[in-house]
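**Student:** build me a model:
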Amino acid sequence: MKIYFAGSIRGGRGDREIYFKIIEILSKYGTVLTEHVGRESISSYGEVNFTEQYIYQRDVEWIDESDVVIAEITTPSLGVGYEIGYAEAKNKRILCLYRELEPGKKTSAMLAGNNHVEVKNYSSIEELPTFFDSFFNDKNNGGRF
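**Tutor:** Below is the predicted model:
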């Protein structure tokens, strides 16, 4: 199982430690192609040793190669939104994770209202294995993996 994990980089790195923990949990289900998203060495400037064209090409190739896309969407990110849209166009299974940090604040209707995207609200990392077990063991996933 190849997993593409998406989380904000240039949109803000406040959730980096959460990304790291999510990637750690996801690695029990398969190979996480984007482990770098959780690294402390990546700042909001992104991967400074690569060109933007290289990063774009590499990331779309990883999405193409992946079986599923898991995105942490609490911190809004144009890049993560693009990755989700690209993954949907490629008919990938998509799970988005969202923490409601402020009462009443909700995720985008473009994700929450999309039947091709599964959105799960969570309040702690401890909840995620249950979501992942359900997502990865879903027998009604259209035979996509």
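**Student:** which SS state does the residue nearest to Ser66 when sequence neighbours are not counted fall under?
**Tutor:** Excluding its sequence neighbours, the residue lying closest to Ser66 (CB to CB, 6 or more residues apart in numbering) is Tyr4, at 3.9 Å. Where C-beta positions appear, they are placed from N, C-alpha and C, glycine not excepted. Assigned state for Tyr4: strand (three-state reduction, DSSP: H, G, I helix; E, B strand; the rest coil).
**Student:** use 52 as the first number for this chain going forward.
**Tutor:** Sounds good: first residue 52 from here, last item Tyr55.
**Student:** packing partners for the helix or strand of the chain with the lowest mean pLDDT?
**Tutor:** Scoring the helices and strands of the chain by mean pLDDT, DSSP states H and E places helix 160-163 at the bottom, with a mean of 91. If contacts are counted by 3 or more CB pairs under 8 Å, 6 or more residues apart in numbering; DSSP states H and E, helix 160-163 sits against strand 168-172.
**Student:** buried sites along the strand it packs on?
**Tutor:** Val168, Glu169, Val170 (16 or more other CB atoms under 10 Å).
**Student:** over to stretch 111-120?
**Tutor:** Result for stretch 111-120 [16+ other CB under 10 Å]: buried residues Trp113, Ile114, Ser117, Asp118, Val119, Val120.
**Student:** export these to a markdown table and append columns for pLDDT and secondary structure.
**Tutor:** Shown next, in a markdown table, are the buried residues of stretch 111-120 (pLDDT from 0 to 100; DSSP: H, G, I helix; E, B strand; the rest coil):
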| residue | pLDDT | secondary structure |
| --- | --- | --- |
| Trp113 | 97 | helix |
| Ile114 | 98 | helix |
| Ser117 | 98 | coil |
| Asp118 | 97 | coil |
| Val119 | 98 | strand |
| Val120 | 98 | strand |
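**Student:** which one among those residues gets closest to Ile76?
**Tutor:** Val119 (13.8 Å; CB to CB).
**Student:** Thr181: how many residues sit nearby?
**Tutor:** 11 (other CB atoms under 10 Å).
**Student:** hang on, the earlier thing: is it true that the residue nearest to Ser117 touches Tyr137?
**Tutor:** No. Taking CB atoms under 8 Å as the definition, Tyr55 is not a contact partner of Tyr137, at 9.9 Å.
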